[in-house]
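Enquirer: Predicted model, plus sequence, below.
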Amino acid sequence: MALIQIRNLVKKFGTHTVLDGVNFDLQKGEMKVVMGPSGCGKSTLLRCINRLVEPTSGTILVRDQDIMGPEVDVRALRQSIGFVFQQFALYRHLTVLGNVVLGLRKLRGMSRAEAEAQALFQLNHLEMADHRDKYPSQISGGQKQRVAIARALAMDPAVVVFDEPTSALDPVMVREVAELFNRLNQEGVTLLCVTHDLALASQIAKRVIFLDQGVIRADDTLENLAKHHPNAQVRAFFGDKEAQS
Amino acid sequence: MNFFEIVAQLAQGLVSTVVVTLVCSGTGMGVGLTVAGLRRMGYAHLVPLLDGFTYIFRGVPVLVLLFLVYFGLPSVGIKVGPLLAMALSLGLIAGAYLAEVFRGALDSVEASEILAAEAMGMSRLQILTSIEFPQMLRLAVPGMINEFTSILKYSPFAYTVGIAEITKQAMTLTATTLRGIEIYIAVGVLYFLIYRILLAGVHFLEKRYQVPGLGTT
């Protein structure tokens, strides 16, 4: 049974349909990449999964539980899904350590000592323990991302979702991010990543889902999407030079 | 009686001035945080009430409200002590102003951080107390200093309800010595010293809790 099952997911903002019948499964231990042009509904899709955005219709099952049910504890659901935002959204008034500790103290009810030990374990795992006392304004974009990942992993989530993880980073950082994602996935972390960064996608996934205008147009390897997809726009998106010209 | 003896006499009212200022500042902080917090929590039905509170209390003179509380309420059977009357007048008015200062500072808290906390599963109250207020208090320091200074400068109204603060001592001393110029210069010096100490205290706290990349410095 899939960790996350999405069926006929529709999200409308007024008369504008952002997601129009999306279906896909995410298996435990899998790393799935969703790609698509800006405004295609990628971020909305992620936000529906933890109900930051309320879907209009369809079903989302997380560990076999329908998350749209009236009895669902939305806060508990959110704690089971680690979310890493595009701009990382670290809390500016807290140190690196404080950012990771906060959720453990407030949501897991850990003592300060327990929470700090757990946070330091994750920061060490992501090579950020040396920066524990720095504030977000004192670290680089790549380091902020690692802290955001440590903050998500510290809560021991079932899946970590990434919203455009490389858009706020220098292009040379992409390889580093890809290596980190691959390492986390090999360690058993389930990841769902939305991006329009082909360089990142090519380094972390064999197959990608292509979302366009709220509809999944394809689920295939990058090579097939670039060279053999019947739609020229899809081929162009995935870097086929002939389709682009 | 030389100038320093005058200052020493006036200093007997110093404690009352400081107590009035602290009580009214504490009331103002409590009220300001509550109003700004309730507004931020998004209770739509409370918004007209909160707007009404700030609208009215920012428009009423301190002395009028003080007399209403201290001299008016006993006529309906509610007797209020002098210090409580100051808290319910100057304190509440300061609270209305501070609520607006806090509202402005809360708008500077980045929406992405609030969204990240929601995505983590934190409740609205947890987000308010753990993310928004700690940032807001750092951003609101200049406005808070202004308001605390106003409270100090309005504290002489306490003499009208019988609190023997510095101004009351000065009036008594002037009546017995007829040396109004020296006495009121000494009063000014004392208020200035209290102001400088208050400012130093706030700046100490500001520096103590200063965070790189956040705040006014």
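Expert: Good, I have the coordinates. Residues are numbered from 1 along each chain as shown, chains lettered A, B, ... in the order given.
Enquirer: For chain B, what lies in contact range of chain A?
Expert: Residues of chain B found near chain A (C-beta under 8 Å from any C-beta of the partner chain) are B:110, B:112-113, B:115-123, B:126, B:130-131, B:134-135, B:138, B:211-214. Just so you know, the C-beta spots here come from the backbone N, C-alpha and C atoms, and that holds for glycine as well.
Enquirer: Could you tell me how many residues sit around the nearest residue to A:Gly239 once chain neighbours are set aside?
Expert: Leaving aside its sequence neighbours, A:Gly239 sits nearest to A:Ala226 (C-beta to C-beta, 6 or more residues apart in numbering or on different chains; 5.2 Å). When neighbours are counted by other C-beta atoms under 10 Å in any protein chain shown, A:Ala226 registers 20.
Enquirer: host element of A:Ala226?
Expert: helix A:222-227 (DSSP states H and E).
Enquirer: name the helices or strands packed onto that helix?
Expert: helix A:198-204, strand A:207-212, helix A:232-237 (3 or more C-beta pairs under 8 Å, 6 or more residues apart in numbering or on different chains; DSSP states H and E).
Enquirer: Mean neighbour count added to those, as JSON lines?
Expert: Conversion of those to JSON lines gives the following (neighbours: other C-beta atoms under 10 Å in any protein chain shown):
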{"stretch": "helix A:198-204", "mean neighbour count": "19"}
{"stretch": "strand A:207-212", "mean neighbour count": "20"}
{"stretch": "helix A:232-237", "mean neighbour count": "17"}
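Enquirer: ranges for the strands of chain A?
Expert: For chain A, strands defined by DSSP state E occupy the ranges A:4-13, A:16-26, A:31-35, A:57-62, A:65-66, A:81-84, A:159-163, A:191-195, A:207-212, A:215-221.
Enquirer: and the last one, average pLDDT?
Expert: If you average the pLDDT over strand A:215-221, you get 91.
Enquirer: so what does it touch, helix or strand wise?
Expert: On a contact count with 3+ C-beta pairs under 8 Å, 6+ apart, strand A:215-221 meets strand A:16-26, strand A:207-212.
Enquirer: residue ranges with poor pLDDT in chain A?
Expert: A:241, A:243-245 (pLDDT under 70).
Enquirer: which residue ranges form the helices in chain B?
Expert: Using DSSP state H, the helices of chain B run over B:3-10, B:14-40, B:47-57, B:62-67, B:82-86, B:92-106, B:111-120, B:124-127, B:133-139, B:141-154, B:166-177, B:180-208.
Enquirer: List the buried residues of the fifth one.
Expert: This points to helix B:82-86. B:82-86 (16 or more other C-beta atoms under 10 Å in any protein chain shown).
Enquirer: Now render the residues you listed as CSV, adding pLDDT and distance to B:Gly26.
Expert: Below are the buried residues of helix B:82-86 laid out as CSV (pLDDT from 0 to 100; distance: C-beta to C-beta, whole Å):
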residue, pLDDT, distance to B:Gly26
B:Pro82, 96, 16
B:Leu83, 96, 11
B:Leu84, 97, 13
B:Ala85, 97, 15
B:Met86, 97, 11
